[in-house]
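Chemist: Sharing a model prediction with you, sequence too.
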Amino acid sequence: MKPLSKFLILCLAIILIIMGFLFGMTFVQINIKKELKLTNNFHYSEISQKGYYDEFFSGAGDCRDNYSPKIKGLMVNHHLLAGKFMSHAFCAVATDKPMTVIIISPNHFMIGHGQVTISAYDFQTPYGVLQSGQKLVKKMSDVGIATIDEGPFEKEHGIYNLTPFIKKAMPNARIVPIIIKDNISQENKDKLVDFLANNLPENSLIVASLDFSHYLTSEQADANDVKTLEIINNLDYQAVKDLNKDNQPGNVDSKPTLEMYLKVMSMEKAKNFTLLNHSNSAKLVGDLSIPETTSYIVGYFSR
């Protein structure tokens with residue numbers, strides 16, 4: 001074969017490879033965009049028995065039409081040992097109105113591609129399907145505030161443990177679940193706070209999914225919670241950096257989540273904190289000798 005012919009064949013082969021690569025990338029991008037529109041992809045509550053959650057709601061009192069537009073945020077635990085606190089919290093904001101519920105949670109397992117990760121999937125709950133607020137999810141992805149990555153949400157209890165309570169108390173809500181890695185940069189924290197403060201839909205509620213002190217006795221947890229409660233009541237987000245001495249969650253399981261949440265509440269002028277429940281796991285099981293507890297601070301922020 002003549003050298004020129006070989007050269008032409010080589011050039012043609014290279015062009016075909018490049019075209020194949022570009023086609024493949026376009027195909028992937030189209031599929032990613034389609035993923036945002038899918039409603040038949042789901043994440044699931046770990047416990048699917050409706051009766052399990054009905055028990056928590058049985059002692060929650062009135063769980064109808066308690067929401068007020070003055071309430072801008074809710075702080076609630078994700079530890080199901082204190083499930084009665086979760087039902088109490090969401091019943092305090094219960095409504096049949098269409099709502100957008102933004103959940104900010106620790107990324108407990110530090111997995112996924114981004115420091116701020118969001119899901120575009122709906123959630124199956126024992127009370128029905130809790131739909132995704134895909135419009136806001138897509139906007140967050142488009143402007144580069146967060147990364148859509150469904151993988152971490154398969155095991156993130158900071159999100160899926162809340163979804164049955166939301167669906168029961170707010171049946172027409174849509175959720176925007178956000179999980180935060182502990183190593184998030186200050187730049188990314190500021191971007192997320194500014195985005196939330198300036199892009200909240202009408203009839204929206206921001207939920208901080210947080211458990212507080214860990215690995216302490218009940219007495220030690222109470223002492224640490226005094227300081228944490230002072231910070232929460234004062235919306236002193238700058239003081240959050242002083243929590244969790246010795247690199248343990250002695251005050252809260254995610255300092256970045258708490259810091260950003262309090263800053264958003266401050267920007268929303270939701271400066272009144274109403275404490276609904278405060279306890280720890282040792283008290284709930286009736287054994288104050290337990291050496292390592294988890295504490296819970298639950299309430300809402302209003303204007």
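Modeler: It's in. None of the values given here were measured: they were computed from a predicted structure.

Chemist: so A173 makes contact with I102?
Modeler: No: the criterion here is C-beta atoms under 8 Å, and A173 misses it with I102 at 10.5 Å. Where C-beta positions appear, they are placed from N, C-alpha and C, glycine not excepted.

Chemist: and the residue lying closest to I111 once chain neighbours are set aside, helix, strand or coil?
Modeler: Using C-beta to C-beta, 6 or more residues apart in numbering and skipping residues adjacent in sequence, the residue nearest I111 is P152, 4.9 Å away. Here P152 is helix, with the state taken from DSSP: H, G, I helix; E, B strand; the rest coil.

Chemist: OK, contacts around P152?
Modeler: When contacts are counted by C-beta atoms under 8 Å, 6 or more residues apart in numbering, P152 touches 107, 109, 111-112, 117, 179.

Chemist: V76 now?
Modeler: Per C-beta under 8 Å, 6+ apart, neighbours of V76: 85-86, 89-90, 162, 207-210, 298.

Chemist: Which of those residues are buried, as a PyMOL select command?
Modeler: To isolate the buried members of the contacts of V76 in PyMOL, using 16 or more other C-beta atoms under 10 Å:
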select buried, resi 85+86+89+90+162+207+208+209+210+298
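
Chemist: Out of the contacts of V76, which is nearest to N188?
Modeler: Nearest to N188 among these is A208, at 17.4 Å by C-beta to C-beta.

Chemist: So what's the residue count around N203?
Modeler: Using other C-beta atoms under 10 Å, the number of residues around N203 comes to 15.

Chemist: show me what contacts the nearest residue to it once chain neighbours are set aside?
Modeler: Distance criterion C-beta to C-beta, 6+ apart; nearest residue to N203, sequence neighbours excluded, is M99 at 5.1 Å. Taking C-beta under 8 Å, 6+ apart, we find M99 in contact with 67, 170, 172-174, 203-205.

Chemist: change it to 7 Å
Modeler: 170, 172-173, 203-205 (C-beta atoms under 7 Å, 6 or more residues apart in numbering).

Chemist: Over to I184?
Modeler: 115-116, 256.

Chemist: if I look at it, how far off is G114?
Modeler: I184 is 9 Å from G114, where distance means C-beta to C-beta, to the nearest Å.
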